[in-house]
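J.: Generate a structure from the sequence data that follows.
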Amino acid sequence: MTIPPPSKVFKLPRPPSGWFDLHFSVLLDGSLAILRSRVDYHALHAIWLARVRSGDTAAPRPGLGAAPIMISHFDGAAEGAAIVVSGCIWPRVSRFADERWLVVAPRAAPGEPNARVFTSDGLQIGAFHLGDGIGQVSCAADGSIWVGYFDEGVFSFADGDGVYPVSSGGIVQFGSEGLPRFSFNDHTHKALTISDYYAMTVSGDAVWSCSYAEFDIAEVRLGTLRFWKNDVVGAKAVAVNDDYVLLGGGYGDDTARLALLRLEDNHAGLVGAERVLPVPSHRPYMLQGNGATIHCVAEGRWVQWSVNDVKHHFGL
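T.: Residues are numbered from 1 along each chain as shown. Prediction:
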């Protein structure tokens, strides 16, 4: 069975003069957060990578440091008002339901306040620690914050008192003020643990994931965990609607894979899969699930596949 064309396709707005697209993330309302910098980081990174691959292993890797970043949101028709704030190395961004912005530095020393909260007009009103090794941050409708950690955060060392950092939880829910509420690896009783979050989506009052190393489909709802065995490995995005799951991405040639699965008793059965996603290039790229939709940004376009549209394509 083949996957249908995208449900929606939008052309991205052009950056203002002197700014360059840096990163994207999907927000709670389904709009797209756009991060821009004063430096064309992706072009510089492509040049650096070419030098390294040609043997110049001492070539300095480009970085952004605390250079200003511009943050706005795009709904497919118009781009909203932007704010400019001090940046960090490879920032992650989300937005609360009341339109406050959350800007997070992925790397942080113990206790360092690497999450900053800004009003919709750019005034900083808070800061707190969300841990080290952050891959994705997503604000939920209830005001909480879900954070997915990559392996360097999950396997951080304990402190002198034998206490492991918050990132060891793999996927952690925080309150709006940065206090932990739920830690995935603390609640699984060894049945399922996360070594690297890989794919995560917030859907209503639940968070869903497909994480390394087992790649089971997992749901956390009000502190209760359910999971289904899954044979589709390496996905970088997950979307869910009722008993159906879309997975986007994978290893090697499966980077472009989109797969539809049906949740059965204890197993996620494959309905169909095809390599239809845009593949990463040196230009900004994003692959993320948000609720019931897989979103991909590549080559100046924002494309979406909804679970329902793919189901209907299969007559389900």
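
J.: contacts, neighbours, all on C-alpha from now
T.: Will do.

J.: Tell me which stretches of the stretch 151-300 of the chain form helices.
T.: Counting by DSSP state H, counting those that start in this stretch, the stretch 151-300 of the chain has these helices, from start to end: 151-154.

J.: Give me the residue ranges of it where confidence is low.
T.: The model of the stretch 151-300 of the chain has pLDDT under 70 over residues 188-191.

J.: What ranges does it have for its strands?
T.: Remark: strands assigned in the stretch 151-300 of the chain by DSSP state E, counting those that start in this stretch are 171-174, 180-183, 196-203, 206-212, 217-221, 224-230, 237-241, 244-248, 257-263, 267-275, 286-290, 293-298.

J.: Outside of stretch 305-316 itself, list whatever touches it.
T.: With contact meaning Cα atoms under 8 Å, 6 or more residues apart in numbering, stretch 305-316 is reached by 1, 3-8, 239-241, 244-246, 260, 292-295.

J.: which of the residues you listed count as buried?
T.: 3-4, 6, 239-240, 244-246, 260, 292-295 (16 or more other Cα atoms under 10 Å).

J.: Pretty sure residue 76 sits against residue 30.
T.: No. Applying Cα atoms under 8 Å as the test, residue 76 and residue 30 come out as separate, 9.9 Å apart.

J.: How confident is the prediction for the residue nearest in space to the middle of the chain, by pLDDT?
T.: Nearest to the mean C-alpha position of the chain, counting by Cα atoms, centre = their mean, stands residue 136 at 3.9 Å. On pLDDT, residue 136 comes in at 98.

J.: Also residue 2?
T.: 68.

J.: and stretch 16-33, what's its mean pLDDT?
T.: pLDDT averaged over stretch 16-33 gives 96.

J.: Same check on stretch 53-64?
T.: Stretch 53-64 comes out at a mean pLDDT of 88.

J.: now the residue nearest to the centre of the chain, nearest residue through space, not along the chain?
T.: Of all residues not flanking residue 136 in the chain, residue 148 sits nearest, at 5.1 Å (Cα to Cα, 6 or more residues apart in numbering).

J.: partners of that neighbour in the sheet?
T.: Beta-bridge partners for residue 148, by DSSP bridges, are residue 136, residue 171.
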